[in-house]
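Q: Have a look; sequence and predicted model below, questions after that.
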Amino acid sequence: MLQRPAFSSLLTLACLLQGCGSAGQLIGAERAPELEQHPQIRAAFNQREDRGYISPISRQWRAGEDLEALLIEAIRSAESEILVAVQELSLPAIAQALVEQHRRGIPVKVVLENLYSQPWSSQHEAELSPHQRQRHRQLRALADQNGDGQLSESERQQGDAVGILQRAGVPLLDDTADGSKGSGLMHSKYLVVDGQTVVTGSANFTASGLHGDPGAPRTRGNANHLLQIESPALAALFREDFERMWGDGPGGQPDSRFGLGKGQHAPQRIRVGSSEVEVLFAPHRRSDPNNGLALIASVLAEARERIDLALFVFSAQSLTDQLAERLAQQVRLRLVADPGFASRPFSEVLDLLGVAMADRDCKIEKNNQPLERAAEGVGTPQLARGDKLHHKFAVIDGKTVITGSFNWSPSAAHQNDEVLLVIRSPQVAAHFTREMDRLWRTADLGITERLRRKLERNRQRCGSGVERD
């Protein structure tokens, strides 16, 4: 059985201090009946409406579950080994928890994406890309504990998560350790503890991924989730993936493997309690029938009643084709996509709405196939300014969940290091359905006025566009 996470006790204290009616319940919020958690699989969501905590970033009360506390509790529970593979780790408290265990003599190993594997405090803004410059400013704001706009040397050191790890001698490498410039992205997001516990999902270990942007208290963080799964069999599969990337580690033989260099592996099925869990580690060659898009399509094909989708990126034509087949069989669809990605030229959300958009070169994707009749139930949720819908999940007929770090895109399937999970459990599915219901209540469906104007400007500039070669 999973132990109740530490943040529940913190939440109780916070509620007492803030005057909440009961532990974890927001004042004035309608309390929904509590969903029972799967005995071995706990699902947690950082924007859940009927739970709350004091954000360590804004120091204000906010709705949601504290995913950082969940991660730190798992790290502190370790007795023999901690493996971390995550695109980005920039929260100092998580780094400090890893350092504490390292100093206890517990082996700690960390793999990061190369774009985020250097201490930010040693970088100069002038040398960074616009995206990296914005990130640098956010991390400076995170480190500025007294809020005076100036960073002392102590604040720099204590606020730089990667620097904290490096100074303590925690072994760390990135996806250039195989001698390349890096895989498409080392995009996995997981923690393995003692060969027993796996924590994984859609969230990077960052302020923006879990709590909200530093200096922007109205943000709630990108909409994300984590799963804490107790299963030695599943942990062993994650450990195998980690060891392929780790090789001999820093300073050892150049035998780390990332991207396609890891070798392609078929989905593997195990039992977690009474439930079946299927796990696939990407990427795969386009010719490999075991690729992640093929696995997703096969699960979508099982739908007989309803498909719920909450997606950050959706750019795989093959999955739109599969959804079209399900719609033809009267399967109901609810889809919410991140507003920033939904209206990009490569977005399959546009295909489902029956429209096409040329790119900046007035090119239309090759073999692009918008639906002749727009699908109902397709839209974008309302989010706080600066936040993203970062989930990558589907719920099939209320009993099967597709999730992981895997965006529904060719890049995820064929270039990036990724995790894709299929969990066959109505108990787990109920938690994701509740999150879908929350997002659905604020969704703007169909072709919104904003999208209509964007399409019109695109037509005025490009006409119908020309199919890309």
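A: Ah, there it is.

Q: Show me the shaky parts of this structure.
A: 1-32 (pLDDT under 70).

Q: What residue spans form the domains of it?
A: Per automatic domain parsing, the domain ranges recorded for the chain read 39-246, 272-467.

Q: Nearest residue to the most centrally placed residue in the chain in space, ignoring adjacent ones along the chain?
A: Closest to where the C-alpha atoms of the chain average out (Cα atoms, centre = their mean) is S202, at 1.8 Å. Residue nearest to S202 in three dimensions, not counting chain neighbours: N224, with 4.8 Å by Cβ to Cβ, 6 or more residues apart in numbering. Any C-beta I mention is one placed from the backbone N, CA and C, and that applies to glycine too.

Q: since we're on the one you found, how many residues are nearby?
A: 27 (other Cβ atoms under 10 Å).

Q: again with L389
A: Count around L389 with other Cβ under 10 Å applied: 24.

Q: swap in the one 5 residues further on?
A: Using other Cβ under 10 Å, the number of residues around A394 comes to 25.

Q: Isn't it up against A303?
A: No - the pair A394 / A303 is not scored as a contact, 9.1 Å apart, by Cβ atoms under 8 Å.

Q: residues in contact with L226?
A: Applying Cβ atoms under 8 Å, 6 or more residues apart in numbering to L226 gives the contacts A43, A44, L67, L70, L71, V199, T200, G201, S202, A203.

Q: The first one and A93, how far apart?
A: Relative to A93, A43 is positioned 22 Å away (criterion: Cβ to Cβ, to the nearest Å).

Q: same question, the fourth one
A: Shown here: L70 relative to A93, a distance of 12 Å by Cβ to Cβ.

Q: Please say which of A43 and A93 ends up with more neighbours.
A: A43 (27 against 16).

Q: ok so the more buried one is a helix residue?
A: No - counting by DSSP: H, G, I helix; E, B strand; the rest coil, one finds A43 to be strand, located in no helix.

Q: Tell me which stretches of the stretch 201-350 of the chain form helices.
A: For the stretch 201-350 of the chain, helices defined by DSSP state H, counting those that start in this stretch occupy the ranges 207-210, 232-246, 292-300, 317-328, 339-342, 348-352.

Q: can those helices go into JSON lines with extra columns for distance to L371 and mean neighbour count?
A: Shown next, in JSON lines, are the helices of the stretch 201-350 of the chain (distance: least, Cβ to Cβ, whole Å; neighbours: other Cβ atoms under 10 Å):
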{"stretch": "helix 207-210", "distance to L371": "33", "mean neighbour count": "26"}
{"stretch": "helix 232-246", "distance to L371": "36", "mean neighbour count": "19"}
{"stretch": "helix 292-300", "distance to L371": "15", "mean neighbour count": "20"}
{"stretch": "helix 317-328", "distance to L371": "6", "mean neighbour count": "18"}
{"stretch": "helix 339-342", "distance to L371": "15", "mean neighbour count": "20"}
{"stretch": "helix 348-352", "distance to L371": "6", "mean neighbour count": "26"}
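
Q: so can I have TSV of these showing distance to L165?
A: TSV is the format used below for the helices of the stretch 201-350 of the chain (distance: least, Cβ to Cβ, whole Å):
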stretch	distance to L165
helix 207-210	17
helix 232-246	15
helix 292-300	30
helix 317-328	37
helix 339-342	31
helix 348-352	38
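
Q: what's the spacing between the helix or strand hosting A413 and its chain's center?
A: Using DSSP states H and E, A413 sits in helix 410-414. Computed by Cα atoms, centre = their mean, to the nearest Å, the chain-centroid distance of helix 410-414 equals 15 Å.

Q: and the helix or strand just after it, which strands flank it?
A: Per DSSP H and E, the first helix or strand lying C-terminal to helix 410-414 is strand 418-424. Strand 418-424 sits in its sheet next to strand 275-282 (antiparallel), strand 400-404 (antiparallel), going by DSSP bridges.

Q: Deepest in the core, which of these is it.
A: strand 400-404 (a mean of 25; mean count of other Cβ atoms under 10 Å).

Q: contacting residues around that strand?
A: Under Cβ under 8 Å, 6+ apart, the answer for strand 400-404 is 200-202, 225, 227, 296, 299, 302, 391-396, 418-425, 428-429, 432.

Q: likewise stretch 104-112?
A: 78-89, 98, 101-102, 162, 165, 170-175, 186, 188, 242, 245-246, 249.

Q: Distance check, L421 against S275.
A: 11 Å.

Q: May I see the buried residues of stretch 430-445?
A: For stretch 430-445, the buried set under the neighbour-count rule, 16 or more other Cβ atoms under 10 Å, comprises A430, H431, F432, T433, R434, E435, M436, R438, L439, W440, A443, D444.

Q: Which ones among those residues lie within helices?
A: Among those, DSSP state H puts A430, H431, F432, T433, R434, E435, M436, R438, L439, W440 in helices.

Q: and which of these is nearest G259?
A: F432 (29.0 Å; Cβ to Cβ).

Q: can you pull out the strands in the stretch 101-250 of the chain?
A: Taking DSSP state E, counting those that start in this stretch, the strands of the stretch 101-250 of the chain run over residues 108-112, 172-174, 189-193, 197-201, 225-230.

Q: Would you reformat these as JSON lines and include distance to P39?
A: Output for the strands of the stretch 101-250 of the chain, formatted as JSON lines (distance: least, Cβ to Cβ, whole Å):
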{"stretch": "strand 108-112", "distance to P39": "28"}
{"stretch": "strand 172-174", "distance to P39": "34"}
{"stretch": "strand 189-193", "distance to P39": "18"}
{"stretch": "strand 197-201", "distance to P39": "14"}
{"stretch": "strand 225-230", "distance to P39": "8"}
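
Q: Of these, give the one that comes closest to H414.
A: strand 189-193 (19.0 Å).
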